[in-house]
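Q: One predicted model, sequence on top.
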Amino acid sequence: MIGEIQGQALPEEFAPAFRTGKPTSAAELRKALSAQGYTVLSDDELNLPSGPEARGWLEIGDLDQRGHDLRNDFPRVIQPEIERLALRIQKLLDAGWRSVRVVTDHGWLLCPDGLPTAELPKHLTASRWARCAAIKGDSQVPVPTAA
């Protein structure tokens, strides 16, 4: 999969695409992984590895959605989710998988009082999404920025 997915400098959608130009989605990613020889596991499957060089893919947990749904109550579900993940990893290792690498698509910033919002005039931005924007050229904006 390395090299098959790329980001664009300023895409219309804040999402990567396959080098072919085809948009990515969870289903398309799983299909591409399968085509490259990965065993795509479901959350409740054990699946023994097919051999010593077997590679697998598993998506587990729903911290992102739960964070959006629970908001300030989110911290109470983190520990049980981590324990569930640790148990799943142990079961994979016990089933014969040689190693497990945990990857996340992003972190979480919990602000109990919510994040401040700012409206940026369209003429100051090269591209805008729901929670971020790319500032156009040397435009001066009245909000903090990061390079």
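A: Thanks, I have it. Numbers count the residues shown, from 1 in each chain.
Q: This structure: strands as residue ranges?
A: Here the chain has its strands, by DSSP state E, at 5-6, 17-18, 39-41, 56-58, 125-128, 133-135.
Q: Reformat those as JSON lines; add mean pLDDT, distance to L87 and mean neighbour count.
A: Just so you know, the C-beta spots here come from the backbone N, C-alpha and C atoms, and that holds for glycine as well. JSON lines is the format used below for the strands of the chain (pLDDT from 0 to 100; distance: least, CB to CB, whole Å; neighbours: other CB atoms under 10 Å):
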{"stretch": "strand 5-6", "mean pLDDT": "76", "distance to L87": "30", "mean neighbour count": "13"}
{"stretch": "strand 17-18", "mean pLDDT": "84", "distance to L87": "33", "mean neighbour count": "16"}
{"stretch": "strand 39-41", "mean pLDDT": "94", "distance to L87": "15", "mean neighbour count": "16"}
{"stretch": "strand 56-58", "mean pLDDT": "94", "distance to L87": "13", "mean neighbour count": "16"}
{"stretch": "strand 125-128", "mean pLDDT": "84", "distance to L87": "41", "mean neighbour count": "15"}
{"stretch": "strand 133-135", "mean pLDDT": "87", "distance to L87": "40", "mean neighbour count": "16"}
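Q: how about CSV for those strands, with distance to S50 added?
A: Formatted as CSV, these follow (distance: least, CB to CB, whole Å):
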stretch, distance to S50
strand 5-6, 25
strand 17-18, 25
strand 39-41, 7
strand 56-58, 9
strand 125-128, 43
strand 133-135, 44
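Q: I'd like to know which of those lies nearest to Q65.
A: With CB to CB as the criterion, Q65 lies closest to strand 56-58 of these, at 17.4 Å.
Q: Okay, now the sheet partners of the closest one, with direction.
A: Strands that pair with strand 56-58, judged by DSSP bridges, come out as strand 39-41 (parallel).
Q: Tell me how far the strand it pairs with lies from the chain's centre.
A: Centroid separation for strand 39-41 versus its chain: 18 Å, with CA atoms, centre = their mean, to the nearest Å.
Q: Name the residues of the longest helix along the chain that are buried.
A: For the chain, the helix that runs over the most residues, judged by DSSP state H, is helix 75-94. Buried residues in helix 75-94, counted by 16 or more other CB atoms under 10 Å: R88, I89, L92.
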